[in-house]
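*Asks:* A predicted structure for the sequence below; I have some questions about it.
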Amino acid sequence: MTVAMTAPAAVHVSHRHDSALKHVTGQAVYIDDMPEPAGTLHAALILSPVAAGRLRALDLAAVSAAPDVVAVLGPADIPGRNDVAAVGQNEPLFAVDQVSYAGQPLALVVARTLDAARHAAERAGIDIEPAEPVLDIETALARQDYVQAPSTLRRGDPEQALKAAPHRLSAAFTVGGQEHFYLEGQIAFALPGEDGDIVVHSSTQHPTEVQHICARLLGCDFNRITAVVRRLGGGFGGKESNASWVAGAAALAAHHTGHPVKLRLPREIDMIATGKRHPFHYRYTVGFDDDGRVLALDAVLAADAGWSLDLTPGVMARALTHADNAYWIPHFCAVGYACRTNKQSNTAFRGFGGPQGVVLMEDAIDRIAHQLGRDPDAVRALNFYGDGQDETPYGQKVEQNHLPRVWAEIRRDAGIERRRAEIAAFNRTSKVLKRGLGLFPLKFGISFNIPHMNQAGALVHVYTDGSIRLNHGGTEMGQGLFIKVAQVVAEVFKVDIGRIRPSATSTAEVPNTSPTAASTGSDLNGWAAYEAASTIRQRMVAFAAEQFGVAASDIEFADGTVRIAKPGSNQVMSFGELARLCYLGRVSLSATGYYRTPRIHWDGAAMRGRPFFYYSFGAAAAEVAIDTLTGESRVLRADLVQDCGASLNPAIDLGQIEGAFVQGQGWFTCEELWWDAKGRLRTAGPSTYKIPGSRDVPPVFNVKLLENAPNREATIFRSKAVGEPPLMLATAVWTALKDAIAATCDHRIAVRLDAPATPEHILAAIAKLKA
């Protein structure tokens, strides 16, 4: 494959999101906006109110007798396998004998109206013999109760290196989970057809998994199920596996009733029933020299996996492979424990374990600097990957290393030296309010951890009027994937972006797709579309060369036209005119494209290989203020620089960076999940679960793309991924909060700050310093 290094009109320029106007005017059609065919039924879930126990009886007589109820479905009504596991098995759609978390589906009510279904669901007679639930990581660790065997990433001899190190320290801290809080809740609309066929409109990031889970439940071939996705109202990983069982329940109901069935989860049910970002608990010992250079690390990363496996293997693998973050650690050991608890099965979330990995060394670096009395920023830079120290603990070289550059730019642009002096002067005179400044460097690997998932397909049609229809396996969830891939196709044909019509993702058009996740949407689907469009263009060029008696090199596509250089004159026709000539000449104007990421390999047992095609780099500086009486905090300013390679669409990428940072800020500061002693999630709506609002966005918010940094790997037009890496830049906020808290004791004591840094956690951290 070859990639143009110039700046063509369609790519490397800003185009607005293809649905931007529809979004802001309310014209964008989501699944709940679709017209409902006559006879459409509505479904509601019956959930377990108990976190752990034996299901003794489920009395559904009153449910069946409720007004307008058409069917009540449970485990016995599943014609295939009662299993919706994305990885592994034994994750039932409906619990059979045991319940494992409060909110676990037990049955499904199908009624003529939504209200009838939901009211009927409340009539279920649920008899559960309760057991003592496991609700925290520490208890699961003590019981050695894991959803998978522990994973170990190791290099060198960390035990001996720690013994020989001039300095050592040990510490522990925790980070919490995070609710996805997508604006459009989980929803699926299943429409039965002939011979058992079912079309499922699903708000999913993974149409192929929806297809597979529906077929598994119904006991039919995959070709009976067509999953269709035009757009999602947000996903963030929460619709990678969770959406599949929601779609499966809708398909099951459509199969049984022979009617279209819509299942949409209200916000409270959505939050109670679906998984979150994995909380983590950390314990580590780090050894270092007099300058602060890290010599060895021995760490435990324990994740709350919830009740089942779900996507935890990938999350834990990415957390372990990002525990080094930006730093060379010659002797390294990190052990990951995926703890089983009686909570929702935790799942993918933007960053997919990366955010939980990178925080480990940030805490260690801060403590090293404190113990030695050194500047933490200098200690960070001292430990960066560099020449001769460029291999990760899992054996991949850190190539195209932009860490020194992004670090220098953020320090310069944010005026770090001046502002540190200003903040120190402020804190000396302010008794109640304290300010802090934090910096964070990022190295983030791009690719799915599982090599076979790094593939994509696309389908491109050119019509005889010159308009183009584009389909690929990626899903549009607001991130701008459709417009980016359309830009790629427009560049191949040198036509206006308006001539490209992206169509709904469908398993009937592009099969066997990977999820739109791991920040790979543009990398994978962009290349697949490029290949499909290039195939058609090559056919058109070959036809024109023969038709007009010229060489292929004499044919140029530009500005929506095709120019044919002939001796003494040029012939110019529109792209559409050539398309029609090709049709008359019986040339196929339809093609599929396929792409697989090169150079990647991974041994999950040995935890060695090259799991990532390339690395994305970034840096951030954040300034915060805390109120030492109330524990409240504010982010006053944030400066970000993000490596996007040669950005396909700078406007889209800037929006992704800003949104990801604020979402990460929410994880670190205000988004707290809380279960009561019986294992019931009590933060199940916006009144009790606080996501960042417009006033939480830093009032000074400077964001820029790293300039003149095209990817040397053969990514599509030398771009880089942008979806996940910027979320981790919000780690600077956490570091800044610790800096502000330390100011309450003149930085004499190292700070432990568990995330999210709610007012309660900030006050507890301050109180510990004064104890």
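*Replies:* Sure thing, it's come through. Numbers count the residues shown, from 1 in each chain.

*Asks:* Give me the buried stretch members for stretch 342-350, please.
*Replies:* With burial defined by 16 or more other C-beta atoms under 10 Å, the residues of stretch 342-350 counted as buried are 342, 343, 344, 345, 346, 347, 348, 349, 350. Heads up, the C-betas are built off the backbone N, CA and C, glycines and all.

*Asks:* for the fifth one, helix, strand, or coil?
*Replies:* Assigned by DSSP: H, G, I helix; E, B strand; the rest coil, the conformation of residue 346 is coil.

*Asks:* how near is the residue lying closest to residue 230 once chain neighbours are set aside to residue 747?
*Replies:* Counting by C-beta to C-beta, 6 or more residues apart in numbering, residue 230 lies nearest to residue 504, which is 4.0 Å off, once chain neighbours are set aside. Residue 504 is 56 Å from residue 747, where distance means C-beta to C-beta, to the nearest Å.

*Asks:* pLDDT score assigned to residue 8?
*Replies:* On pLDDT, residue 8 comes in at 50.

*Asks:* go on, the one 3 residues further on?
*Replies:* Per-residue confidence (pLDDT) for residue 11: 97.

*Asks:* What helix or strand is it located in?
*Replies:* Following DSSP states H and E, there is no helix or strand that holds residue 11.

*Asks:* Likewise for residue 359?
*Replies:* In this assignment (DSSP H and E), residue 359 forms part of helix 354-372.

*Asks:* ok now do the residue nearest the centre of the chain, which residues does it touch?
*Replies:* In the chain, the residue lying closest to the centroid (C-alpha atoms, centre = their mean) is residue 350, at 2.7 Å. Counting by C-beta atoms under 8 Å, 6 or more residues apart in numbering, residue 350 touches 236, 237, 660, 663, 723, 724, 727.

*Asks:* That one: what's its closest spatial neighbour, skipping adjacent residues?
*Replies:* Residue 350's closest residue in space is residue 236 (C-beta to C-beta, 6+ apart), at 4.7 Å.

*Asks:* again, but for residue 377
*Replies:* The nearest residue in space to residue 377 (C-beta to C-beta, 6+ apart) is residue 439, at 5.4 Å.

*Asks:* Show me the two of the contacts of residue 350 that sit farthest apart.
*Replies:* Farthest pair in the contacts of residue 350 (C-beta to C-beta) is 237 and 660. Separation: 12.2 Å.

*Asks:* I'd assumed residue 226 was in contact with the residue nearest to residue 230.
*Replies:* No: using C-beta atoms under 8 Å, residue 504 is not in contact with residue 226; the gap is 10.7 Å.

*Asks:* Looking only at neighbour counts, state which of those two leads.
*Replies:* Taking other C-beta atoms under 10 Å, residue 504 and residue 226 do not tie; residue 226 has more neighbours (21 against 15).

*Asks:* my guess is that one is in a strand, correct?
*Replies:* Yes: membership of residue 226 in a strand is supported by three-state DSSP.

*Asks:* please begin residue numbering at 15 from this point
*Replies:* From this message on, residue numbering opens at 15, which makes the last subject residue 240.

*Asks:* Tell me the predicted confidence for it.
*Replies:* 98.

*Asks:* what is it paired to in the beta sheet?
*Replies:* On the basis of DSSP bridges, residue 240 is bridged to residue 213.

*Asks:* how much space is there between it and residue 265?
*Replies:* From residue 240 across to residue 265, the span is 11 Å (C-beta to C-beta).

*Asks:* Name the residues contacting each of these two.
*Replies:* Jointly contacting residue 240 and residue 265 under the rule C-beta under 8 Å, 6+ apart are 212, 214.
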